[in-house]
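J.: Pasting a predicted model and its sequence here:
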Amino acid sequence: MNRQDLLNYRNNKKWYLNRIDELEERKKILGRLTTLYGEDGGNNGSRKVNDKIAEDLANLMDNTDEYYNKLNELDIKNLEVIKTLEKMENTTYRNLLYDKYINGIDLKEITEDPNYKFKDYKYACNIHGYALKEFDKICINL
């Protein structure tokens, strides 16, 4: 576990959640097409169009399952990251890293959060750097 794992977790989670949203939207469209064109694919008994829709649906389901499996792997990684963050003594550092990497909140948004009481973005960046250094120390001791 290291700081790159934090960044990778955040980026991978965002990537797979976006892919799943796209796949779910495609699934809805294909479902509507199937309903619209009926069992024969709207081709008066020709199986060509119907087979294509069925093939697309099968591929879509496979892709969706694959992305859900990746998200499950990310959930396991999430638990590892959280366990490491829980070992941080400084609660501001811990909460900052949690919000930035687990919740995916941008550092500028965190700066504006009144709970943090950061005077400006530059100060938040400095605190973020210190938090990462403490995170690194914990990871070395694991």
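T.: It's in. Numbers count the residues shown, from 1 in each chain.
J.: Only alpha carbons, please: show stretch 80-91 as CSV.
T.: What follows is stretch 80-91, C-alpha atoms only, in CSV (Å, rounded to 0.1, in the frame of the first residue of the first chain):
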residue,chain,number,x,y,z
GLU,A,80,-7.4,-1.9,2.7
VAL,A,81,-7.2,1.8,2.1
ILE,A,82,-9.7,2.5,4.9
LYS,A,83,-7.8,0.3,7.3
THR,A,84,-4.6,2.1,6.6
LEU,A,85,-6.3,5.5,7.0
GLU,A,86,-7.8,4.4,10.3
LYS,A,87,-4.2,4.1,11.6
MET,A,88,-3.6,7.8,11.1
GLU,A,89,-3.5,9.7,14.3
ASN,A,90,-4.2,13.2,12.8
THR,A,91,-7.9,13.2,12.1
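J.: domain ranges for the chain?
T.: 1-80, 87-142 (automatic domain parsing).
J.: Just the mean pLDDT for the last one, thanks.
T.: For domain 87-142, mean pLDDT is 93.
J.: TSV please, covering the domains of the chain and showing mean neighbour count.
T.: Yep, even glycine has a C-beta here, placed from its N, CA and C like the rest. Below are the domains of the chain laid out as TSV (neighbours: other CB atoms under 10 Å):
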stretch	mean neighbour count
domain 1-80	14
domain 87-142	15
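J.: Give me the helices and strands touching the helix or strand harbouring Ile127, please.
T.: Assigning secondary structure by DSSP states H and E places Ile127 in helix 121-141. Judged by 3 or more CB pairs under 8 Å, 6 or more residues apart in numbering; DSSP states H and E, helix 121-141 is in contact with helix 3-37, helix 47-86, helix 91-97, helix 107-112.
J.: All set now, cheers.
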